[in-house]
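> 3D, please:
(one chain, ligands or ions: 1)
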Amino acid sequence: MTAKKIKTAILISGRGSNMVALAKAAQDETYPAEIVGVVSNRPGAAGLKKAQALNIPTAVIDHKAYTSREAFEQDLHKHLTSLEAELVCCAGFMRVLTPGFVAKWKDRLLNIHPSLLPKYKGLNTHQRAIDAGDSETGCSVHWVTEDLDAGAVIAQSAVKIASDDTAELLATRLLPVELALYPKALNKVAAQIQKTR
Ligand code: GRF
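Residues are numbered from 1 along each chain as shown. This next block holds a predicted model:
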């Protein structure tokens, strides 16, 4: 008997290329996760149309329509619960989540971050790596915990920094590496969950 796939939701705010990479990987019948929904906090996120084209249910939960982070997260939590999500992948999701929300999704919430964590948490990671004279940077898939970009790393990939690199060039070169890494990391996590059942 084939093991039951782990229901996974994806949170986006923009372009959604990581989301598409996860969704395409999940189309493989042997992949241990299935994508049950995509949620954007921005109504205009380009990723929404991409998800719809892949026949994935989408929802917009616009943080601007809420007076507090907690109220926004309450609706987000409700929606994820209605999808029966067991894992949630942040993929270019540009909202910081409160400790209360993170606690509800403890050990079930993943993120991809464009640096070799623990280096360069937060924003402008590529410029900071260039400014520091680093010879390489990369991307990390990690567990989301209370502290920003501080949870345990699940998987990482590195790219070399050239002497004439710019933040834009690095981001462009890193993107295909991210798109390969995130599906591998979700595969690993979902397969582990399957084993514990
Ligand atoms: C990625 O570079 C990711 O590492 C960062 O935001 C970008 C999202 O791109 N957190 P996309 O929306 O997946 O295309």
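> Residue 104 and the ligand: what is the separation?
Counting by CB to the nearest ligand atom, to the nearest Å, the gap from residue 104 to the ligand is 22 Å. (Glycine included, C-beta is placed from N, CA and C.)
> any low-confidence regions in the protein?
Low-confidence regions of the chain, defined by pLDDT under 70, span residues 1.
> which residues in it form strands?
6-12, 33-40, 58-60, 87-90, 109-113, 136-143, 153-160 (DSSP state E).
> closest to the ligand out of those?
The closest of the strands of the chain to the ligand is strand 109-113. By CB to the nearest ligand atom, the value is 4.7 Å.
> near the ligand, which residues of the protein?
Neighbours of the ligand within the chain, by CB under 6 Å from any ligand atom: 12, 14-19, 47, 91-92, 112-114, 139, 178.
> Quick one, which of those residues are buried?
For the residues of the chain next to the ligand, a neighbour count by 16 or more other CB atoms under 10 Å gives the buried set as 12, 14, 16-19, 47, 91-92, 112-114, 139, 178.
> Helices - which of those land there?
Using DSSP state H, the subset of those located in helices is 17-19, 47, 178.
> Need the max-distance pair from these.
Farthest pair in these (CB to CB) is 47 and 178. Separation: 14.1 Å.
> Against residue 67, how distant is the residue in the chain that the ligand sits nearest to?
Nearest to the ligand in the chain, going by CB to the nearest ligand atom, is residue 92, at a distance of 2.7 Å. As judged by CB to CB, to the nearest Å, residue 92 and residue 67 stand 25 Å apart.
> next one: residue 57
Taken as CB to CB, the span from residue 57 to residue 67 is 27 Å.
> do residue 186 as well
Here residue 186 is placed at a distance of 34 Å from residue 67 (CB to CB).
> same question, residue 16
Separation of residue 16 from residue 67 (CB to CB): 27 Å.
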